[in-house]
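Novice: Below are the sequence and a predicted model for it; my questions follow.
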Amino acid sequence: MRAGNCRKNWYPAENKVVILGLIHDMKIGCPMASSSLWQTSGFGQREPACIAADGAGRGQGNHANQVSLVKKDRRFLMARNFFHAGLKWVCGLVLFLAHTALAGDHGALPAFNTTQPYLIYYGNWTTAQVNYARTNYQLVIVHPASNITASQIATIKRGKDNLAGTADDVKVLAYLSIGEDDQNGAPVAGDRMGPRVDPRAADTNPLSSITNALGLPSAGGTNYASYYLNAKSNQTGVPDENATFGSYYVNPGAPAWWTMLQTMSKAANGQSGMREILTNNYGTSLNCDGLFLDTVDTAAPNNWGTPYEWTAP
């Protein structure tokens, strides 16, 4: 993601948390209190509907979790977060912003670290599940396309004592895809400047040689938003699709995509954007503590399997 585009209109006063995730093809069980309590129904993302791990890094389910935590200049980086499920490997990069999370009149909350249990659950929520998450985990990641409500998130955040602003409060993050468009109706027409292709004459040219961050227009036509992508070798004029998940590859650094990421709402797009996720005055006003950013691997090196490395910083 291009910092020049993505720092503007950020929410620094909110002291939010960001997690970047690369999780692939994971098939995993999630037994919490009972198999009937937690249903593993997801929303088409790469991740399973539910992942849980205890504070020692032990996964609950048929996977193992190894986490290394580095503390430097009040920034917390959880790197090389690997899950193993059968023959599938999962790689996560977790980045916490430098701000200490505030707890109102009760002082600062302790920083999250590997001694605390966490939960990733993308299914629909019941009251029993909300209370179980509130009393058993200190980091919970939800999917805003589920039936989760602002009231349920507020309940989870209150933690075991059911009081807001105390030491046992739970951090709640929400899923957001930044490298693929999974909103309803995608691909959209937008500014009709896309899809775009790699502007380099050859893949061997360094990324530093790129001066046009939007890339070149597809030879097949530009009837879609400028953030959509075409492989240079297949310039159809129709945005490239991740056929496995039915989402469309995008350039995370495109200004029009940044606007979409901010303004999407569940009512209009079927997916929540940053304002709806992070604030208490937009759309469903989930007021989460931060974001779990997925599909960052769109900008991975071309030899990883997708031809969009040119969109990398």
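Specialist: That came in fine, so what should we check first? Keep in mind that this is a model prediction, so the values were computed, not measured.

Novice: which SS class is Ile120?
Specialist: Assigned state for Ile120: strand (three-state reduction, DSSP: H, G, I helix; E, B strand; the rest coil).

Novice: State the distance from it to Asp289.
Specialist: Using Cβ to Cβ, to the nearest Å, one obtains 14 Å as the distance from Ile120 to Asp289. C-beta here means a position set from N, CA and C on the backbone, and glycine is covered the same way.

Novice: Kindly report the same for Tyr122.
Specialist: Taking Cβ to Cβ, one finds Tyr122 at 17 Å from Asp289.

Novice: Same check on Val197?
Specialist: When distances are taken as Cβ to Cβ, Val197 and Asp289 turn out to be 38 Å apart.

Novice: Same question for Asn223.
Specialist: Counting by Cβ to Cβ, the gap from Asn223 to Asp289 is 39 Å.

Novice: partners of the nearest residue to Tyr118 once chain neighbours are set aside in the sheet?
Specialist: In space, and not counting its chain neighbours, Tyr118 is closest to Leu139: 3.8 Å by Cβ to Cβ, 6 or more residues apart in numbering. Beta-bridge partners recorded for Leu139 (DSSP bridges): Tyr118, Lys171.

Novice: Quick check: Leu139 touching Leu119?
Specialist: Yes. In this structure, Leu139 is within contact of Leu119 by Cβ atoms under 8 Å, at 7.2 Å.

Novice: More neighbours: the two, which one.
Specialist: Neighbours per residue, other Cβ atoms under 10 Å: of Leu139 and Leu119, the larger number sits with Leu119, 25 against 20.

Novice: wait, that one sits on Arg134?
Specialist: No. Counting by Cβ under 8 Å, Leu119 does not reach Arg134; the two are 10.4 Å apart.

Novice: Can you check which residues contact both of those two?
Specialist: Common neighbours of Leu119 and Arg134 (criterion: Cβ atoms under 8 Å, 6 or more residues apart in numbering): none identified.

Novice: The stretch 101-250 of the chain: helices as residue ranges?
Specialist: Here the stretch 101-250 of the chain has its helices, by DSSP state H, counting those that start in this stretch, at 127-136, 150-157.

Novice: can I get the ones you listed in JSON lines with mean pLDDT and mean neighbour count?
Specialist: Conversion of these to JSON lines gives the following (pLDDT from 0 to 100; neighbours: other Cβ atoms under 10 Å):
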{"stretch": "helix 127-136", "mean pLDDT": "96", "mean neighbour count": "17"}
{"stretch": "helix 150-157", "mean pLDDT": "98", "mean neighbour count": "18"}
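
Novice: Now distance to Thr279 too, for the ones you listed, in TSV please.
Specialist: As requested, the helices of the stretch 101-250 of the chain are exported to TSV (distance: least, Cβ to Cβ, whole Å):
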stretch	distance to Thr279
helix 127-136	21
helix 150-157	10
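
Novice: mind checking which of those helices is nearest Lys266?
Specialist: Checking those against Lys266 by Cβ to Cβ gives helix 150-157 as the closest, at 11.3 Å.

Novice: who's in contact with the closest one?
Specialist: Taking Cβ under 8 Å, 6+ apart as the criterion, the residues outside helix 150-157 that touch it are 125, 130-131, 133-134, 140, 142, 162, 164, 169-172, 280, 284-289.
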